[in-house]
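Enquirer: What follows is a predicted protein model with its sequence.
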Amino acid sequence: MEMTLVLVMALSAGTPPVVSPASICVDATGNEAKMVTWLRGDYRVVGSRGGRPYVGEITMSGAEDAESLDLTGTVDGSPRKGSVRHVRCGLDHVRQLAVTLATGEALYCVPHYDYDNANRASCSSGLGSQGGDLELWAQRF
């Protein structure tokens, strides 16, 4: 019923409503939440904001049984601090990473696990490439 109402509003309004990712995502719990620790490590960052490319490096760290990780590093010449946790978003409960930065900004990332045990993540400021701002995190050894 709620989804039907949103669809009817979107079709009648002409422009789709802006949906906050936080409103359709829920924190992972239990062992699933603790799987975020598999992402601990150092990452290189490549991104684009407003059509301008940037680079950086981040580290995700935390205890073995943590349900979130601390994020520190330098991105686009500025210090970056925040936390990372698993969330489930939308009706399909797609697993994503919710990154809450100390600045109050948020990123939503899709984690990718490679067969060579390296991790990657594709990130944006929303649940999609809204505004064209994107980041790619690639784990380094």
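Expert: Everything's here; your move.
Enquirer: lowest-confidence helix or strand of this structure?
Expert: Here the helix or strand of the chain ranked lowest by mean pLDDT, DSSP states H and E is helix 2-13, holding a mean of 47.
Enquirer: Over to residue 33. Which of the three states is it?
Expert: Following DSSP: H, G, I helix; E, B strand; the rest coil, residue 33 is assigned to helix.
Enquirer: and it, what is it in contact with?
Expert: Residue 33 is in contact with 27, 67-68, 85-86, counting by CB atoms under 8 Å, 6 or more residues apart in numbering. In short, each C-beta sits where N, CA and C put it, glycine included.
Enquirer: Most neighbours of all the residues you listed, which one?
Expert: Comparing the contacts of residue 33 by number of neighbours (other CB atoms under 10 Å), residue 86 comes first, having 22 neighbours.
Enquirer: That residue contacts residue 95, doesn't it?
Expert: Yes: because the distance of 6.0 Å satisfies CB atoms under 8 Å, residue 86 is recorded as touching residue 95.
Enquirer: what touches both of the two?
Expert: Contacts common to residue 86 and residue 95, judged by CB under 8 Å, 6+ apart, are 28, 32.
Enquirer: Any regions of this protein where pLDDT drops low?
Expert: 1-22, 127-132 (pLDDT under 70).
Enquirer: can you map out the helices along it?
Expert: For the chain, the helices defined by DSSP state H occupy 2-13, 21-24, 30-34.
Enquirer: name the helices or strands packed onto the lengthiest strand in the chain?
Expert: Using DSSP state E to define each element, the chain has its longest strand at strand 78-89. The contact analysis (3 or more CB pairs under 8 Å, 6 or more residues apart in numbering; DSSP states H and E) places strand 78-89 against strand 25-27, helix 30-34, strand 52-61, strand 69-75, strand 94-101.
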